[in-house]
Structure formats: structure tokens, C-alpha cells
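**Student:** Got a sequence here, can you build the structure:
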Amino acid sequence: MLRTTVIATALAVSSLTASAASEPSTAELLAVIKRLEARITAMERDRAPKANRQAAVPIDIPKSAREAHATVAPVAAPIVQTKWTGPLVGISIGGGKLKGDGDNNLKQNSESQTLYTGPQTLLGLTGDYFTSTSSYQSSGYTDRSNGAVVDVFAGYDWQPSYWLLFGIQAEGSVATLAAEMPTKRKQNYQSIYSGYSDSTSRNTSTETFTTSVETRWMAALLGRAGIVFDDWLLFASGGWAFAEIVSPVERASIGLNGPTFGGGIERRMDGNWRIRGEYRYSRYQPESYLTTTSYQGESVGETSTSTNRSVSDSLTTIRLATHLWRFAFIYQWH
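**Tutor:** Numbers count the residues shown, from 1 in each chain. Prediction:
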């Protein structure tokens, strides 16, 4: 492009010069054009990149350098804090209350028969027959409840991210929770006597007395979730609880189970130690049990023979809940 422009310009200048002076010869014009072409070639060579004017020289790049250049370093993944992750064991101490109510329905049937074998037969007396029916309805509620709890537990915590924590736990407790249970009992009584003199009697009475209910042991299987704030943890827990108590009416052992839930706060200490404070509420499902007792006996005297029989059925229903406050020491392996 530059070459063509310069040659055209030279021809135009030559034409103007020729018109102004004597007309040059063709040889002279060709000489001028060759000189201009040589000048243009030199100018184009000076403007071209040095790489185009020199032959390519191969460069020997070391293999290690080529591999390092070809390999892209992987991006490091963010490090997730796992200082709350690992198996753990612990022991806790605390106290609590036992709340709830219970009722009992007791029914007794008794009969006694006496056959005369002595002088009474001379008077036409063959014997006596006596029957009685009694029913008792009792109901009560807990009051003035207190006690202590010692608990051992084991579990595992998993921290999938900086903020979240999930865990499982199994625990067993020796508990001495006790509560007084004011109880009101109503009795309906009826008896029938036939023999020397027939008679029937009925009676209704009401009485109030105080019994007690106590726990022997408790256990629970739990899951929990929490929010981590560096060395602090706020958590909620829930699961299923088990307990054994002493019946307030029959003084018999009763097994209970039901849902449990609560929450608390934990603090990481130096090394592998933690401390925890928590509250737990357990609501046990109503439990009913039937107790049947019977008696039969015979006594032989000089003038009579007596036979006695009795059967009693007792149905007891318990509805209880526990409120626990505990402070725990925990050791965790990382």
C-alpha cells in the first residue's frame, strides 16, 4: 500500500516537473522509480517486527518447567471446623420433680358358709351363709415432690459445618424422685346374711389418706441438634424415656415409657473437656395394671364346719411426668 502510494506520488511529481521544465527521458524516470522503490523497501523493512526479519530460533524449555506450566494447582477446599465432632462420655448430677396423678378401682367379693354338726341341728338349724361385696374408688395427685438424679451417658456428636451440630446419646439414671400423693377413697359396702336371722346391710363411706410415689431408675435414648458459636453450643434434644416407679396404691413396681424433650447450653473447656447445663421434660404414657387375689379356706370345729372364700380385683392407672435439671461434665475424643 505504501509502495503504491509513493510511486503514484512520484509519477505525479515527475509529470508536474516535466510540464514546468524540459521533458525528461524515459531512462531517467525509470532510474528515479528504482531509487524510490529501494527507499520504500528499506522503510518497510524497518517497520516490520524483528521476529519477521530473523529466522525462528528454537528455545529449549526444560521438561520440569513445561510440566509445571501445564499443571494447574487445585483450589484448596475451605476447612470445616470439627472441634465438636467425636464420641463422648459424661456424668451429670441434678434434681427434679415428679408430677401426675393416679386412680384405683378395687372390688372385693367375700362369702362364708357355716354348716352345723352339733346341738344346733336339734333346733332345725343347718347353717349360716354370709356374703359381702365391697368396691373402692381411689384417686390422687402428686404434691410436695423433690429428689436427686445421678446420670451417666455416652454418645456421638457430628459437626458438618461451622454453625451446625447433630448428635445421639444414650443415658441411664439412678433417681430418688419422690412425691406425696393425697388420695381420696370412696367405699361402697353391701352384705347379706341368711341363717338364724336373715339380714341385708349397705354402707357408703369416704376417707382421705396420703400415700407416696417414688422412682427407682430412669433411662433415655436421645437425638439432638444445636447451633455452634465457637466454644459455645445451644442445643435442643428429644427422644424416648423409660422409668420404673413404685405404685402409690399397691406398692408394686410399674414400668413407664414416653416421649422426652428439652434443651440446654454447653461450653468447651481446655483440651477435651466440656460442661453442660440442661432441662428435660418427660411425659410418660398412662399405665394400667390389674391385680387379682383370691383366698379359700376351711375350718372344722366341734359343732360346725366353716368355709371362707374371697376374690379381689384391683385396677390401677398411673399418669406421671418428670421435670429434671442437670449439670454435666463431659469428655470427648477428637
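**Student:** how would you label Ser294: helix, strand or coil?
**Tutor:** strand (DSSP: H, G, I helix; E, B strand; the rest coil).
**Student:** The residue lying closest to it once chain neighbours are set aside - how many residues pack around it?
**Tutor:** Of all residues not flanking Ser294 in the chain, Val311 sits nearest, at 4.7 Å (CB to CB, 6 or more residues apart in numbering). Where you see a C-beta, it was placed from the backbone N, CA and C, and this is true even at glycine. Neighbour count for Val311, taken as other CB atoms under 10 Å: 14.
**Student:** distance of Val311 from Thr291?
**Tutor:** 12 Å (CB to CB, to the nearest Å).
**Student:** repeat for Ala148
**Tutor:** Counting by CB to CB - Ala148 and Thr291 are separated by 31 Å.
**Student:** who has more neighbours, the two?
**Tutor:** Remark: of Ala148 and Thr291, Thr291 carries more neighbours, 15 against 12, as counted by other CB under 10 Å.
**Student:** by contact count, what packs against the longest helix seen in the chain?
**Tutor:** Determined from DSSP state H, the single longest helix within the chain is helix 26-47. With contacts defined as 3 or more CB pairs under 8 Å, 6 or more residues apart in numbering; DSSP states H and E, helix 26-47 has these neighbours: helix 2-20.
**Student:** average pLDDT across the helix it packs on?
**Tutor:** For helix 2-20, the mean per-residue pLDDT is 50.
**Student:** Output the below-cut-off pLDDT ranges for the stretch 101-250 of the chain.
**Tutor:** 116-127, 195-197, 247-250 (pLDDT under 70).
**Student:** what ranges do the strands span in it?
**Tutor:** Using DSSP state E, counting those that start in this stretch, the strands of the stretch 101-250 of the chain run over residues 127-141, 143-146, 148-158, 164-175, 178-194, 199-229, 232-246.
**Student:** Would you point out which residue is most central in the protein?
**Tutor:** Residue closest to the mean C-alpha point of the chain, counted by CA atoms, centre = their mean, is Gly223 at 2.2 Å.
**Student:** bridging residues for it?
**Tutor:** Ile168, Gly238 (DSSP bridges).
**Student:** residues touching it, list them.
**Tutor:** The contact partners of Gly223, taken as CB atoms under 8 Å, 6 or more residues apart in numbering, are Phe166, Gly167, Ile168, Gln169, Ser237, Gly238, Gly239.
**Student:** now do Tyr189
**Tutor:** Tyr189 sits in contact with Ser132, Thr133, Ser134, Ser201, Arg202, Asn203, Thr204, Ser205, where contact means CB under 8 Å, 6+ apart.
**Student:** closest to Gln113 out of the strands of the stretch 101-250 of the chain?
**Tutor:** strand 127-141 (5.2 Å; CB to CB).
**Student:** What helices and strands are in contact with the closest one?
**Tutor:** Looks like strand 127-141 contacts strand 86-116, strand 178-194 (3+ CB pairs under 8 Å, 6+ apart).
**Student:** partners of the shortest one, with directions?
**Tutor:** Translated: strand 178-194. Applying DSSP bridges, strand 178-194 is found paired with strand 127-141 (antiparallel), strand 143-146 (antiparallel), strand 199-229 (antiparallel).
**Student:** cool, and the longest one?
**Tutor:** The strands that strand 86-116 pairs with in its sheet are strand 127-141 (antiparallel), strand 148-158 (antiparallel), strand 304-332 (antiparallel) (by DSSP bridges).
**Student:** domain ranges for the protein?
**Tutor:** Following automatic domain parsing, the chain resolves into domains at 2-54, 86-332.
**Student:** winner for burial among the ones you listed?
**Tutor:** domain 86-332 (a mean of 16; mean count of other CB atoms under 10 Å).
**Student:** Quick one: end-to-end distance for that domain.
**Tutor:** 6 Å (CA to CA, to the nearest Å).
**Student:** show me what contacts Ile227?
**Tutor:** Contacts of Ile227 by CB under 8 Å, 6+ apart are Trp163, Leu164, Leu165, Leu233, Leu234, Phe235.
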